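Engineer: structure for this input, please:
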Amino acid sequence: MAPPHSDPVGIGPAVRRFGLLLLRLAAGVTVLWFLVWQVGAAPFEDGLRAVTWQAVVAAVTLIALTTVCSAWRWRVVARALGIGIGLPGAICAYYRSQFLNCVLPGGVLGDVHRAVTHGRCAGDVARGVRAVAWERLCGQVIQAVVTAVVLLTLPSPVRPALPYVLAGVAGAAGCAALVVRGAARRGWSRLTRTTRAVSDDLRHGLLAPDVWPQLALASLLVVAGHTATFVIAARVAGSTAPLGELVALLMVVQTVVVIPLSIGGWGLREGSAAWAFAAAGLGAATGVTIATLYAVLALAAFAPGAGLLLADAVHRRRDPGRSGEASRPDTAPQLLEADRG
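Structural biologist: Next comes the predicted model:
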């Protein structure tokens, strides 16, 4: 008779590997199903029909600028952690990751690919992962701060929810601090090592006087670029809301989008847009149409990443002897070089 706590071979690892992915898929599908049930499929169709070549050109231009700023932010973080990367390689890698995030479940697999590839190229996967994690966290923190400032200064129907959001963030931060403090006292080795690594990264790297201003500036430019792209989508979709109110609503949507529970970005983006625009009296359907149009414009703007991935695949096929990750961590030759100068 099998032991009472034994599991079928392979079930545990499979659950750990695919459980979170299935959760993300389920969350995205549930939100989309609910939206279709509430507003129908017409708003999604309207968003697809509203695409114009002028909007695509504007989105491609703005996203190109924000990609350069994002790559610059990543390069600053990587150099601060002692694992450098050249700016051209960082831009190409960022385009790849954005495209993968846009077409794969969860919205973070592209960042995982970027982190692991850069870490293997530089010979330190753990530090490469930390660099990408810090880079993304810096962007999200600045996004949240800008959103809070916008909601406090511009008229918005979602302003009453701001104190609850800030209280939730403060509560989460407090709980995390208590856990870290308890781990340090009890000697939980794994968490203690992680805490020390985080502390070292902050004190000796990210909070250095010549580092954090660059991170803040790059993040502000990224937020401005994505917001401008969203505003273009809103105007092309026919929204005539005042610019200040529109920006406030779109900032809320962008803040929700960073939660990795979606299908290539689809789900929470449309759900939060529907809620925000409905709260403003502009109609949930309008929010869904704008979010759908933005998704199409973003996909067009991230298309260079697909080209780079295809070039990587062609290069691996032509040079199979060096296609493995161990011999060529970054398959695009000379695009992701270590900058140790």
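
Engineer: name the residues that touch stretch 45-52?
Structural biologist: Contacts to stretch 45-52, defined as CB atoms under 8 Å, 6 or more residues apart in numbering, come from residues 236-238, 285, 288-293, 295-297. Backbone N, C-alpha and C define where each C-beta goes, glycine included.

Engineer: 10 Å instead, please
Structural biologist: If you take CB atoms under 10 Å, 6 or more residues apart in numbering as the criterion, stretch 45-52 is touched by 58-59, 233, 236-238, 270, 285-286, 288-297, 300.

Engineer: cool, and stretch 298-306?
Structural biologist: 51, 53, 55-64, 66-67, 91-103, 110, 226, 229-230, 233, 264-265, 269.

Engineer: please identify which helix or strand holds the closest residue to Gly128 other than its chain neighbours.
Structural biologist: Spatially, and ignoring its direct neighbours in sequence, Gly128 is nearest to Gly119 (2.3 Å; CB to CB, 6 or more residues apart in numbering). Using DSSP states H and E, Gly119 falls within helix 109-122.

Engineer: helices and strands around the helix or strand just after that helix, which ones?
Structural biologist: Once the chain leaves helix 109-122, the next helix or strand it forms, by DSSP H and E, is helix 125-153. Under the contact criterion of 3 or more CB pairs under 10 Å, 6 or more residues apart in numbering; DSSP states H and E, helix 125-153 touches helix 53-80, helix 87-103, helix 109-122, helix 162-186, helix 189-201, helix 212-236, helix 243-257.

Engineer: for helix 125-153, buried residues please.
Structural biologist: Neighbour counts over helix 125-153 (16 or more other CB atoms under 10 Å) mark 125, 127-136, 138-139, 142-144, 146-148, 150-151 as buried.

Engineer: tally of neighbours for the nearest residue to Ala90 once chain neighbours are set aside?
Structural biologist: Leaving aside its sequence neighbours, Ala90 sits nearest to Ala71 (CB to CB, 6+ apart; 3.8 Å). By other CB atoms under 10 Å, the residues close to Ala71 number 24.

Engineer: Ala71: what's it in contact with?
Structural biologist: By CB under 10 Å, 6+ apart, the neighbours of Ala71 are 85-95, 97, 135, 218.

Engineer: got the confidence number for it?
Structural biologist: In this model, Ala71 is scored at 96, pLDDT.

Engineer: and it, how far from Thr286?
Structural biologist: According to CB to CB, to the nearest Å, Ala71 and Thr286 sit 33 Å apart.

Engineer: same thing with Trp134?
Structural biologist: Distance of Trp134 to Thr286, given as CB to CB: 37 Å.

Engineer: what about the residue nearest to Ala90, distance to Gln54?
Structural biologist: Distance from Ala71 to Gln54, by CB to CB: 26 Å.

Engineer: could you do Ala90 as well?
Structural biologist: Noted for Ala90: a distance of 30 Å to Gln54, by CB to CB.

Engineer: these two: which has the busier surroundings?
Structural biologist: Using other CB under 10 Å, the more surrounded residue of Ala90 and Gln54 is Ala90, with 28 against 10.

Engineer: so that one is in contact with Val68, correct?
Structural biologist: Yes - assessed by CB atoms under 10 Å, Ala90 is found in contact with Val68 at 9.1 Å.

Engineer: low-confidence ranges in the chain?
Structural biologist: 1-21, 158-195, 320-341 (pLDDT under 70).

Engineer: nearest residue to the middle of it?
Structural biologist: Centroid-nearest residue in the chain, with CA atoms, centre = their mean: Val258, separated by 5.4 Å.

Engineer: ok, of the contacts of Ala71, which one's closest to Leu22?
Structural biologist: Taking CB to CB as the measure, Ser97 is the one of the contacts of Ala71 closest to Leu22, at 22.2 Å.

Engineer: can you pull the contacts of that closest one?
Structural biologist: 67, 70-71, 74, 108-115, 117, 132, 136, 302, 305.

Engineer: go with 6 Å
Structural biologist: Neighbouring residues of Ser97 by CB atoms under 6 Å, 6 or more residues apart in numbering: 110-111, 114.

Engineer: distance of the closest residue in space to it that isn't next to it in sequence relative to Ala233?
Structural biologist: Among residues not flanking Ser97 along the chain, Gly110 sits closest, at 3.5 Å (CB to CB, 6+ apart). Distance, Gly110 to Ala233, by CB to CB: 21 Å.

Engineer: who has more neighbours, the two?
Structural biologist: Taking neighbours as other CB under 10 Å, Gly110 and Ala233 compare with Ala233 leading, 28 against 25.

Engineer: contacting residues around the more buried one?
Structural biologist: 290, 293-294, 297.
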